[in-house]
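Engineer: Could you work out the structure for the sequence below:
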Amino acid sequence: MSKTRIFALSMIVLMLIAFFSNPKQEQHEKIVREKAIVLLKQEAGEQNEQAIDFGIQLFGNTLIDQFMRNHVMVENYYLFSLTKIHVGHQENTIGGGAFGTIWLSPKIDEKAAEIAKLIKEGL
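Structural biologist: Have a look, this model is predicted:
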């Protein structure tokens with residue numbers, strides 16, 4: 001078998017693996033939800049961390065769910081997917097997923113104050 005055919009078959013197999021292991025939207029949302037809770041706790045400070053935990057338990061993640069619904073979007077490109085966040089009139093890519101793994105960009109840490117503000121505005 002020629003090198004060209006081996007390369008073509010390898011690429012087809014790689015694309016099939018990428019297609020079937022592309023993370024679902026629910027997986028992206030779970031990772032972003034966990035990160036949003038961490039960012040909210042960081043912005044509140046250590047003395048308010050217990051109040052944030054209590055608020056999250058009391059409201060049943062309603063604020064986080066509203067934030068996810070209004071500001072977070074997952075775009076599926078079949079071989080990979082991107083997680084985007086809308087802050088103001090800007091859309092930023094904050095993560096990506098492929099081969100069953102989701103990576104969040106350091107941009108989400110840069111936007112921590114804005115994200116915490118958006119979540120708090122849901123009150």
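Engineer: Can you report phi and psi for the residue most central in space within the chain?
Structural biologist: Centroid-nearest residue in the chain: Val32, 3.7 Å away (criterion: CA atoms, centre = their mean). Dihedral pair for Val32: phi -70, psi -40, per degrees, to the nearest 10.
Engineer: How far away from the center of its chain is the longest strand belonging to the chain?
Structural biologist: As assigned by DSSP state E, the longest strand anywhere in the chain is strand 90-98. Taking CA atoms, centre = their mean, to the nearest Å, one finds the center of strand 90-98 at 7 Å from the center of the full chain.
Engineer: Just the pLDDT at Gln66, thanks.
Structural biologist: On the pLDDT scale, Gln66 is placed at 79.
Engineer: and what of Thr93?
Structural biologist: Turning to Thr93, the model gives it a pLDDT of 89.
Engineer: Could you check how far the nearest residue to Arg33 once chain neighbours are set aside is from Ile108?
Structural biologist: Distances taken as CB to CB, 6 or more residues apart in numbering place Ile64 nearest to Arg33, at 5.6 Å, with adjacent residues excluded. Where C-beta positions appear, they are placed from N, C-alpha and C, glycine not excepted. Per CB to CB, to the nearest Å, Ile64 is found 14 Å from Ile108.
Engineer: picking that back up, pairing partners for the longest strand of the chain, with directions?
Structural biologist: Strand 90-98 has the following sheet partners, assigned by DSSP bridges: strand 81-87 (antiparallel), strand 101-104 (antiparallel).
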